[in-house]
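> What follows is a predicted protein model with its sequence.
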Amino acid sequence: MRSKLFFACALALAFIATVASASAQADYAARDAESRYAIGVGISGFNPGWSAPILYGPTVWADYRAPFISRFVSGLAVEGEYHGLVANTQTIYGESSKQNSIGAGLIYHPGILRFHSVRPYVKALGGLGWTPVYNVNGPPFVVTTFGGGADYNLSYHLAIRADYEYQMWGGVPSYSNPGHDGTDNPQGLTLGVLYRFGSRR
């Protein structure tokens, strides 16, 4: 059921991108550097990497392009991110798996790689995650994230974002090998919509 919802949302977003591309202008890629704030929401599918089914759920982004940063490095911004993913199918541990995490770091859109309305990016984030098994309590663990993707500008304010992440979890207990830390590296894809605040000059 969740996989059907994920693919339905993906198709809907792809349809929006196709329809709106007719009115997209080539100069959006050059002008969007003027936007300082952006928020976005997407649907994610993650392979948790520890004998659990694919996790689906919402992801929220918040980007901020600080003037003192962009003055020296054009395209560099700060990003905050939240994942709230879940798989209702029971795992070998007898509980449903989940991923609740929050993090922040840097996102960089290289100016040299702009292709009309498409803007690729890379990112590196650090943050915290919480116990990935329901009904099991534990302290937060460290989440280090590397990834990248591309923004497709539908207009000055609106963009479609396709995002890939590779995560490294540190300090999370191993549920298949009690008494030891796990070595899990979840990775996944997110398809979403980003809204940029501000107006053209």
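Looks like it arrived, so ask away. Residues are numbered from 1 along each chain as shown.

> who does the top strand by length along the chain pair up with?
For the chain, the strand that runs over the most residues, judged by DSSP state E, is strand 76-90. Taking DSSP bridges as the criterion, strand 76-90 pairs within the sheet with strand 55-64 (antiparallel), strand 96-108 (antiparallel).

> Keeping just the C-alphas, turn the longest one into CSV.
Output of strand 96-108 as CSV, limited to C-alpha atoms (Å, rounded to 0.1, in the frame of the first residue of the first chain):
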residue,chain,number,x,y,z
SER,A,96,8.0,-2.5,12.8
SER,A,97,11.0,-0.4,11.7
LYS,A,98,11.2,3.3,11.4
GLN,A,99,13.6,6.2,10.8
ASN,A,100,13.2,9.5,12.7
SER,A,101,16.1,11.8,12.1
ILE,A,102,17.0,15.5,12.0
GLY,A,103,20.1,17.1,10.7
ALA,A,104,21.8,20.1,9.2
GLY,A,105,24.8,20.9,7.0
LEU,A,106,25.8,22.4,3.7
ILE,A,107,24.3,22.1,0.2
TYR,A,108,26.2,23.3,-2.8
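
> List the buried residues in it.
Neighbour counts using 16 or more other C-beta atoms under 10 Å place Ser96, Ser97, Lys98, Gln99, Asn100, Ser101, Ile102, Gly103, Gly105, Ile107, Tyr108 of strand 96-108 among the buried residues. From N, CA and C alone the C-beta is placed, and that goes for glycine too.

> In contact with the fourth one, which residues?
Pointing back at Gln99 there. Taking C-beta atoms under 8 Å, 6 or more residues apart in numbering as the criterion, Gln99 is in contact with Phe46, Pro48, Leu55, Gly57, His83, Gly84, Leu85, Val86, Gly129, Pro132, Pro186.

> Out of those residues, grab the one that's most surrounded.
Neighbours here mean other C-beta atoms under 10 Å. Within the contacts of Gln99, the largest count is held by Pro132, at 30 neighbours.

> Need the pLDDT of it.
The pLDDT attached to Pro132 in the predicted structure is 85.

> Same question for Ala62.
Reported pLDDT for Ala62: 97.

> any low-confidence regions in the protein?
1-34, 50-51, 88-94, 175-180, 199-201 (pLDDT under 70).

> Could I get the buried residue list for stretch 129-140?
Judged by neighbour count using 16+ other C-beta under 10 Å, the buried positions of stretch 129-140 are Gly129, Trp130, Thr131, Pro132, Val133.
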